[in-house]
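Visitor: The following block contains a protein sequence and its predicted model.
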Amino acid sequence: MSTISGCSDLEIDLADRRTGKVRVSYALPSHTRLFLTTDRLSAFDQIVAVVPFKGQVLNELSAWWFENSRHIVDNHFISCPDPNATIGHAATPLAVEVVVRGVITGTTSTSLWHQYSSGARKIYGYEFPDGLRKNTVLPSAIITPTTKGETGEHDEPLTCADVVTRGIVDRDVWNTVQEAALALFAHGQEVAHEAGLLLADTKYEFGLASDGSVLLIDEMHTPDSSRYWELNTYQARLDSGKEPESLDKEPVRLALDAVGYNGSGNPPALDAAIISATTQRYISAYTRLTGRQFIPGEYPVQQRLKRNLQNIGAL
């Protein structure tokens, strides 16, 4: 089914190539896929930069989380044949992004704080009181789903009821997803707290396996899909009106927001210092959450990946 050909940017020819913003995936035998995580960084739904070792952090950190969360819900992860690649079970993604929020924050149009500061008080079907401050922890985590492109407008805010009544996800499947998402977030908060971090919010993606069962897919609790804040300085910075110290891509979001970029047109070039700081934040998140040393994989990724796949017989 698969051969080395030299006809693609990865020098491999696997059937059914799918390209996302930060991942490329390929079909493998027995209903499995190869997921390659790149160093591309997205914000405001656009690729805005390339951050060295970001792909490796996302891949290895997700693998660690997947292994440590199977007691909550099954997931697609099988193995890591390479620092930047995962082999996982194939799944049909649900046409909804499941965002769980524990804090009222954010700069994008779908964020709680953007909508709240614009005057909305009923957001994603939840009622919010007057007088809330930005970056305040909510009494309990909430699920704020949005559409994916397959079902209409990308990132269209939904209520949990909308997901079922509009026929986006079957009721029983959605009930399973909601229960799993809240349990995963609670687990993530506990692990983050032990690492001296506050998990503010995160995005989960779920899919259906060939037998119809629900699987957690994509990435999990990475600095790309989650906001991690320094716990020991959070309250003082909140009281003084400063943004939290973060271990995620928030510096990139804020830098783009500061120059008025909201995803339209080509993104402005980012200062090298912001790229370097983002790399260090990603690596720090990995080491603190996992307790492991980060060992950078050798470059170039494509040649290393091909060699590693040959070694395990995947090619």
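Guide: Right, received. Where do you want to start? Please read these numbers as outputs of a predicted model, since none were measured by experiment.

Visitor: all helices of the stretch 1-150 of the chain, in order?
Guide: For the stretch 1-150 of the chain, the helices defined by DSSP state H, counting those that start in this stretch occupy 54-67, 112-117.

Visitor: which parts of the first one are buried?
Guide: Going by neighbour count (16 or more other C-beta atoms under 10 Å), the buried part of helix 54-67 is 54-66. C-beta here means a position set from N, CA and C on the backbone, and glycine is covered the same way.

Visitor: Please apply the same query to the shortest one.
Guide: Neighbour-count burial for helix 112-117, counted by 16+ other C-beta under 10 Å, picks out 112, 113, 114, 115, 116.

Visitor: Quick one, which of the helices of the stretch 1-150 of the chain gets closest to residue 297.
Guide: Closest of the helices of the stretch 1-150 of the chain to residue 297 is helix 54-67, at 5.4 Å (criterion: C-beta to C-beta).

Visitor: List of residues touching that closest one?
Guide: Where contact means C-beta atoms under 8 Å, 6 or more residues apart in numbering, the residues beyond helix 54-67 that reach it are 22, 35-41, 75-77, 80, 83-86, 188, 216, 219-224, 278-279, 282-283, 285-286, 289-290, 292, 294, 296-297, 301.

Visitor: Select only the buried ones of the residues you listed in ChimeraX?
Guide: To isolate the buried members of the contacts of helix 54-67 in ChimeraX, using 16+ other C-beta under 10 Å:
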select :22,35,36,37,38,39,40,41,75,76,77,80,83,84,85,86,188,216,219,220,221,222,223,224,278,279,282,283,285,286,289,290,294,297,301
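
Visitor: Which ones among the contacts of helix 54-67 lie within strands?
Guide: Per DSSP state E, strands hold the following members of the contacts of helix 54-67: 35, 36, 37, 40, 41, 77, 80, 85, 86, 216.

Visitor: Verify the stated contact: the fourth one with residue 47.
Guide: So that's residue 40. Yes: with contact defined as C-beta atoms under 8 Å, residue 40 counts as touching residue 47 (5.1 Å).
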